[in-house]
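>>> The sequence and its predicted three-dimensional model are supplied below.
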Amino acid sequence: MIFSSTGCGKQFDIFGTLFAIYLNILDKGKEEKTLKIIFDGYKNFTCVDENGYVRHIPNYNDFDENTMWEKSLCEKGTYQNGGYWAFFTGYYIYALSKIDKEESRKLFENFINHILKKGIKVHHMNGKIQKQVNLVDVFMEQVFHYPGK
C-alpha cells in the first residue's frame, strides 16, 4: 500500500495505490501484496463499501477515534474525512480484476445497480449520509473549470 505523504497524514492511501496499480508502476512483489490488501479491503468492507464507493484510507487505519486523517477540517465520517467516493470505483474494479475477475464483476454489478437505483447524483456517502450533487456539473467544474448551473 502506498502512503499519502511522508510527513503529516502519513497513512495508507487507497486512491494513490489504486492509481499506481492502474499505471502498472509497482514492482511485481509490491503489486502482489497490494492486490491482496485491495482484495481483503473489498471482502471485509474496509476500503470499499457494498455499493462500490471507495474510502481514501482503510477504515482500520484512521488516525484516531475522532478523525480519519491526522488533520481535517470536517467531521469524521463526512466528506474527505471518512466519506466513500464513486470516482475511484473504476480503479478499484480494475485492481480487483487483476486478482479475482468474478469478485470484480460483482463489485461492478453492485455499483451499477446502486446507480440505477439512486441515480448518478451521489457525490460521496458514508452509510446513511449522502451528499448529492449533479455529477455532470461537478465534472465540468473540476475538469474544465466551467461553473456548471
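Arrived safely, thanks for sending. Numbers count the residues shown, from 1 in each chain.
>>> How many residues are close by the closest residue to Phe88 other than its chain neighbours?
The shortest distance from Phe88 to any non-neighbouring residue, by CB to CB, 6 or more residues apart in numbering, is to Val54 (4.3 Å). All C-beta atoms are positioned from the backbone trio N, CA, C, and that covers glycine. Neighbour count for Val54, taken as other CB atoms under 10 Å: 24.
>>> who's in contact with Val54?
Residues in contact with Val54 (CB atoms under 8 Å, 6 or more residues apart in numbering) are 14-15, 18, 47-48, 84-86, 88-89, 91-92.
>>> would TSV of these with pLDDT, neighbour count and secondary structure be doable?
Below are the contacts of Val54 laid out as TSV (pLDDT from 0 to 100; neighbours: other CB atoms under 10 Å; DSSP: H, G, I helix; E, B strand; the rest coil):
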residue	pLDDT	neighbour count	secondary structure
Ile14	93	28	helix
Phe15	92	18	helix
Leu18	95	25	helix
Cys47	92	28	coil
Val48	93	28	strand
Tyr84	85	26	strand
Trp85	85	21	strand
Ala86	84	19	coil
Phe88	88	24	coil
Thr89	90	23	helix
Tyr91	92	20	helix
Tyr92	94	27	helix
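>>> any idea where the strands of the chain begin and end?
With strands called from DSSP state E, the chain shows them at 54-55, 84-85, 122-126, 129-132.
>>> what's the second one packed up against?
Secondary-structure packing of strand 84-85 (3 or more CB pairs under 8 Å, 6 or more residues apart in numbering; DSSP states H and E): strand 54-55, strand 122-126.
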